[in-house]
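# Sequence and predicted structure are below.
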Amino acid sequence: MLDATAVRLAAAVRSREISALEIAEAMLVRVEERNEALGAYLTVAGDAAREQARRVDERVAAGEALPLAGVPLAVKDNMCLTGTRTTCASKILANWVAPYTATAVARCLDAGAVPIGKANLDEFAMGSSCENSALLVTRNPWDLSRVPGGSSGGSVSAVSGGIATIGLGSDTGGSIREPAAFCGVVGFKPTYGRVSRYGLIAFASSLDQIGPIAKTVEDASVVYDAIAGKDPFDATSVDRPVEATAGYLREDLSGVRIGIVREFGLGELDPDVRLAYETAYRDLERLGAELVEVSLPTADYGVATYYLIAPAECSSNLARFDGVRYGLRVDGADVGAMYEATRSAGFGPEVKRRILIGTHALSSGYYDAYYVRAQKARTLIAGDFARAFARCDAIACPAAASAAFRFNAKSDPYSMYLMDYYTIPMSLAGLPSLSVPCGYVTPDGSAGPLPLGLELTTPLFTERTLLGLAHAYERGTLHAQRHAPPEIPAAASIGGAA
Amino acid sequence: MPKPSIDVRYVAKLARIALTDDEVATYGEQLSNLLDHVAALQRLPTEQVAPTALVIPARNVERDDFLRPSLDRDVVLSAAPQVVGAYFRVPRIIAEAE
């Protein structure tokens, strides 16, 4: 039962076949067994889980039809949950206890989900492997010597490794989609503004978006329906009706035009990865879709654009960590020395790099040349997508250029940044985009198969279309049912990590 | 776009981050490398293009002016590194005359 989908679990709880508390207790036992090896959770929220499970059982008994009744949830640790540590995997917040709950988390709880714990991430969600966490190493359940991807690596490792049924992640340039691809689960970034960011600790405010991580598209759809919609506490949350998605999932792709991006040729990928994506495109066709070539001429500038805009916004957002109101303080002779000592000790190398480049891009004399130019490039990239969507209903491409890599494989920062090559353009354009398992490769030296993800993207606010198409692809290929990660060892006797 | 260069020490001062000499050297090299890559943006024809700050249609949002409960003061202060009574305590802000 613990490995059932969210839809199946919630139905079992609603029909009183099993109680939310029984699921929570069993899941907490499994967390105890597996989290040492996986490192998915920074904090296990046993008390909060039991308390919420009891409340869910009462509400079910009172006749409430909760869509996520009793479903174990992993919350990325950059989202607040009242009374639990919320660290952003940073030394600067290592002991901060959230005094309020993020709207997306609250909506999951209101729908009946049970928070099992707070999941690891790259520090402040800056990274693509989870290796930038200052607090914990998270491993890929498919191969413990490999990274889970990032930045939502903990939430994804938890769902893939069977110690959560659903997860909440945040995606700024690919932080839900790339790790979901690496760990063989579904990761979905809704349209920018669809899900409230209230209670999500800000990284890059014009890009950050919360979204679901799940075993199936249907589960992701149920979570999305629970969390989407206007929130008075986030002025950028969009005030327009939310189309429910869960009742509208498709079984085939007939009549659908899917764009294949000319500039994203598969020629540079490893042959086995390339073959998997070629097969995925053919599967889309087999399921009834018409493939059309589309062009995103400026998408190749996405990484450069992103690494000006996101650090600029990060440098501004992270100015609030100054040792005064919350978090770490390292004393200094005067307030300026205290700021510097606190921030120098509290932030890790990647966060410092991004604050520095962002401060540079916004500084006098460079602002127009870097930040404004990047914002103009963003306009061009969004325009490319608008033109492409005149010719197709959705765009398909790889979610990442490879399967999960080994620890310490990307020591040069820029080589890590390129991991988000296929996800960044969609983020810059604010589009709904997801990764769904699309095949497996077994690289030299790997013990077993490693999953790959197909990225599907649709126009702004067309989540119903996107999830519908992804569901048809998932049902028509059943990739996630062909392989499962190996059994997770109960104790950590694992090499390969820093 | 200027030729890629970054005065890491100066930028770190603006960002209130103290760096060791080793960090200045390492970050200087890494960030110059990044600026080399982002210099590719010069190739885009952006003269006639408006900058995008937010990709979705947005307008200023106002709310009704009414009282609602906020976080409890003691809860907020309990997260602070140092407090005095109902205040955050910080080190000296104005230096003594020498």
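Cool, got the structure. Values in this document were obtained by computation on a predicted structure and should not be read as measured data.

# And the contacts of stretch A:405-419?
A:127-129, A:131, A:137, A:145-147, A:149, A:174, A:178, A:303, A:307, A:350, A:353, A:400-401, A:496-498, B:30, B:33-34, B:37 (CB atoms under 8 Å, 6 or more residues apart in numbering or on different chains). Using the backbone N, CA and C atoms, a C-beta is placed for each residue, glycine as well.

# buried stuff in that stretch?
By neighbour count on 16 or more other CB atoms under 10 Å in any protein chain shown, the buried set for stretch A:405-419 is A:405-407, A:410, A:413, A:416-419.

# In terms of secondary structure, what does the top helix by length along chain B contact?
Determined from DSSP state H, the single longest helix within chain B is helix B:21-38. For helix B:21-38, the packing partners by 3 or more CB pairs under 8 Å, 6 or more residues apart in numbering or on different chains; DSSP states H and E come out as helix A:302-317, helix A:349-362, helix A:413-417, helix B:8-14.

# Any idea how far it is from the middle of the chain?
19 Å (CA atoms, centre = their mean, to the nearest Å).

# and what of stretch A:29-36?
22 Å.

# re the thing from before, tilt between the longest helix of chain B and helix A:302-317?
Interaxial angle of helix B:21-38 relative to helix A:302-317 (axes from the mean of the first three to the mean of the last three CA atoms, to 10 degrees): 130 degrees.

# Please export the C-alpha coordinates of helix B:21-38 as PDB.
What follows is helix B:21-38 as a C-alpha-only set of coordinates in PDB (Å, rounded to 0.1, in the frame of the first residue of the first chain):
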ATOM      1  CA  ASP B  21      42.300  36.300  -1.100                       C
ATOM      2  CA  ASP B  22      41.800  32.700  -2.200                       C
ATOM      3  CA  GLU B  23      38.100  33.300  -2.700                       C
ATOM      4  CA  VAL B  24      38.700  36.500  -4.600                       C
ATOM      5  CA  ALA B  25      41.000  34.600  -7.000                       C
ATOM      6  CA  THR B  26      38.600  31.700  -7.400                       C
ATOM      7  CA  TYR B  27      35.400  33.700  -7.800                       C
ATOM      8  CA  GLY B  28      37.200  36.200 -10.000                       C
ATOM      9  CA  GLU B  29      38.100  33.400 -12.500                       C
ATOM     10  CA  GLN B  30      34.700  31.700 -12.300                       C
ATOM     11  CA  LEU B  31      32.700  34.800 -12.700                       C
ATOM     12  CA  SER B  32      34.900  36.200 -15.500                       C
ATOM     13  CA  ASN B  33      34.300  32.900 -17.300                       C
ATOM     14  CA  LEU B  34      30.500  33.300 -16.800                       C
ATOM     15  CA  LEU B  35      30.700  36.800 -18.100                       C
ATOM     16  CA  ASP B  36      32.500  35.500 -21.200                       C
ATOM     17  CA  HIS B  37      29.500  33.200 -21.800                       C
ATOM     18  CA  VAL B  38      26.800  35.900 -21.200                       C
END
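
# now the helices for the stretch 1-150 of chain A?
A:6-14, A:20-38, A:46-61, A:103-110 (DSSP state H, counting those that start in this stretch).

# of these, which approaches residue A:120 most closely?
helix A:20-38 (9.3 Å; CB to CB).

# Next, name the residue at the spatial heart of chain B.
Nearest residue to the geometric centre of chain B (CA atoms, centre = their mean): residue B:15, 6.7 Å.

# pLDDT weak spots in the chain?
Using chain A here. Low-confidence segments of chain A, defined by pLDDT under 70: A:491-498.

# To clarify, I was referring to chain B.
Within chain B, the stretches with pLDDT under 70 are B:1-4, B:95-98.

# So what would you say the end-to-end distance of stretch B:35-52 is?
In stretch B:35-52, first residue to last residue: 21 Å (CA to CA, to the nearest Å).

# Which positions in it come out as buried?
Residues of stretch B:35-52 classed as buried: B:35, B:38-39, B:41, B:44, B:46, B:49, B:52 (neighbour count, 16+ other CB under 10 Å).

# And for stretch A:351-370?
Quick answer for stretch A:351-370 (16+ other CB under 10 Å): A:351-363, A:366, A:369-370.

# Could you identify the most distant pair in those residues?
Across the buried residues of stretch A:351-370 (CB to CB), the longest gap, 24.0 Å, separates A:351 and A:369.

# of all the helices of the stretch 1-150 of chain A, which lies closest to chain B?
Closest approach to chain B among the helices of the stretch 1-150 of chain A (CB to the nearest CB): helix A:103-110, 14.9 Å.

# how far off helix A:46-61 does that closest one point, in degrees?
Here the directions of helix A:103-110 and helix A:46-61 differ by 50 degrees (the same axes, to 10 degrees).

# just the strands in chain B please.
Remark: strands assigned in chain B by DSSP state E are B:83-84, B:87-88.

# Quickly find the element holding residue A:167.
strand A:166-171 (DSSP states H and E).

# Counting by contacts, list what the following helix or strand past that strand packs against.
Per DSSP H and E, the first helix or strand lying C-terminal to strand A:166-171 is helix A:177-183. Packing partners of helix A:177-183 (3+ CB pairs under 8 Å, 6+ apart): helix A:153-160, strand A:166-171, strand A:186-189, strand A:433-441, strand A:450-457.

# strands paired with the shortest one, and their directions?
Right, strand A:186-189. Using DSSP bridges, the strands paired with strand A:186-189 are strand A:209-214 (antiparallel), strand A:433-441 (antiparallel).

# Likewise for the last one?
Strands adjacent to strand A:450-457 in the sheet, as given by DSSP bridges, are strand A:394-398 (antiparallel), strand A:433-441 (antiparallel).

# so of those, which one's packed in deepest?
When you average the neighbours per residue for each of the strands paired with strand A:450-457 (mean count of other CB atoms under 10 Å in any protein chain shown), strand A:433-441 leads with a mean of 27.

# Run the chain-centre distance for that strand.
Centroid displacement of strand A:433-441 relative to its chain, using CA atoms, centre = their mean, is 14 Å.

# now swap in stretch A:166-174 and tell me
Relative to the centre of its chain, stretch A:166-174 is centred 2 Å away, using CA atoms, centre = their mean.

# That one and chain B in contact?
No. Counting by CB under 8 Å from any CB of the partner chain, chain B is not contacted by stretch A:166-174; separation bottoms out at 13.2 Å.

# got the CA coordinates for that stretch in PDB?
Extracted in PDB, the C-alpha atoms of stretch A:166-174 (Å, rounded to 0.1, in the frame of the first residue of the first chain):
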ATOM      1  CA  ILE A 166       3.900  13.300  -3.500                       C
ATOM      2  CA  GLY A 167       6.300  16.200  -3.200                       C
ATOM      3  CA  LEU A 168       6.200  19.900  -3.500                       C
ATOM      4  CA  GLY A 169       9.200  21.500  -5.300                       C
ATOM      5  CA  SER A 170      10.000  24.900  -6.600                       C
ATOM      6  CA  ASP A 171      11.300  25.500 -10.100                       C
ATOM      7  CA  THR A 172      13.200  28.700 -11.100                       C
ATOM      8  CA  GLY A 173      15.100  27.400 -14.100                       C
ATOM      9  CA  GLY A 174      14.400  23.700 -14.100                       C
END
